[in-house]
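**Q** Sequence and predicted model, in that order:
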Amino acid sequence: DTMKSHARNALQLAKLISGKKGFTVSHPNLPEHKQSDIVNAMAPEGAVTLFYLTVPDGMTGEEFMQKVKDAGGDKVGLGSSFGHRKTWLSNYGMDNRTVRIAAGSESEKEFQTILTVFERL
């Protein structure tokens with residue numbers, strides 16, 4: 001199911017980024033979210049298809065997005081879209097350190113490439 005793939009990918013990516021120094025991630029399945037117990041009981045494989053992050057001090061959202069795009073090439077989109085096969089990043093209309101990530105519906109195997117891109121940043 002496409003929505004399950006989006007949600008699974010979003011949760012995997014949120015977990016990966018939340019473990020990186022200086023990043024703050026807002027995703028309802030993560031333990032730091034005040035309703036994570038309820039969310040994980042209802043949707044343990046991921047409740048949402050997009051989430052937000054704040055980049056570390058000294059970096060802007062645009063710089064972060066460009067690094068991801070440079071590393072991921074055509075596998076990553078830049079823009080305020082969601083519901084696509086590939087993962088998209090946007091900071092349109094937000095402060096300069098916030099980035100919205102709309103996880104794509106890539107297969108688990110295909111999404112490993114996206115996780116590797118973010119792992120290396």
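**A** Cool, the structure landed. Residues are numbered from 1 along each chain as shown.
**Q** measure the residue nearest to the spatial centre of the chain to Gly79 for me?
**A** Centroid-nearest residue in the chain: Ile101, 4.1 Å away (criterion: Cα atoms, centre = their mean). Ile101 sits 12 Å away from Gly79 when distances are taken as Cβ to Cβ, to the nearest Å. Any C-beta I mention is one placed from the backbone N, CA and C, and that applies to glycine too.
**Q** which neighbours do the two share?
**A** Taking Cβ atoms under 8 Å, 6 or more residues apart in numbering as the criterion, Ile101 and Gly79 both touch Trp88.
**Q** Grab the nearest non-local neighbour of Glu63.
**A** Once flanking residues are discounted, Glu63 sits nearest to Val55: 7.6 Å by Cβ to Cβ, 6 or more residues apart in numbering.
**Q** Distance-wise, check the one you found relative to Asp70.
**A** As judged by Cβ to Cβ, Val55 and Asp70 stand 15 Å apart.
**Q** Also Gly77?
**A** From Gly77 across to Asp70, the span is 13 Å (Cβ to Cβ).
**Q** give the contact list for the residue nearest to the centre of the chain.
**A** Per Cβ under 8 Å, 6+ apart, neighbours of Ile101: 10, 13-14, 50-53, 87-89.
**Q** What about those, which one has the most neighbours?
**A** Thr87 (27 neighbours; other Cβ atoms under 10 Å).
**Q** Look up the residues forming beta bridges with that residue.
**A** Val76 (DSSP bridges).
**Q** and it, what does it touch?
**A** Neighbouring residues of Thr87 by Cβ under 8 Å, 6+ apart: 9, 13, 72, 75-77, 101-104, 106, 114.
**Q** In helices only, show me those.
**A** Members of those lying in helices (criterion: DSSP state H): 9, 13, 72, 114.
**Q** nearest to Met3, of these?
**A** Closest approach between the ones in helices among the contacts of Thr87 and Met3, by Cβ to Cβ: Asn9, at 10.8 Å.
**Q** Show me the two of the ones in helices among the contacts of Thr87 that sit farthest apart.
**A** Asn9 and Gly72 (13.5 Å).
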